[in-house]
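>>> Predicted model follows, preceded by the sequence.
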Amino acid sequence: MTYAADRIYEEVAYVAYHFHWGLDDILDLEHGQRLRYVREIAGINRRLSEER
């Protein structure tokens, strides 16, 4: 199974934007780890927007 390049770019951009991590650090993560960070960031954003 291959992973769409567009999806990888989205995940990397999302994590880099929120955590200010470098490209190599993000790409060194296993796919599952990267997805976990994406979900965690989304959860934080959701909670913050609900508090407003």
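Alright, I've got the coordinates. Numbering: from 1, shown residues only.

>>> hey, let's count contacts and neighbours off CA atoms from now on
OK.

>>> So which elements touch the lengthiest helix in the chain?
What stands out as the longest helix in the chain, according to DSSP state H, is helix 31-51. Under the contact criterion of 3 or more CA pairs under 8 Å, 6 or more residues apart in numbering; DSSP states H and E, helix 31-51 touches helix 5-19.

>>> Determine the angle, from 0 to 180 degrees, between the helix it packs on and helix 31-51.
50 degrees (axes from the mean of the first three to the mean of the last three CA atoms, to 10 degrees).

>>> buried stuff in helix 5-19?
Glu11, Val12, Ala13, Tyr14, Val15 (16 or more other CA atoms under 10 Å).

>>> Could you tell me which ranges of the protein sit under the pLDDT cut-off?
The chain contains residues with pLDDT under 70 at 1-2.

>>> One more pass at 90, please.
1-5, 52 (pLDDT under 90).
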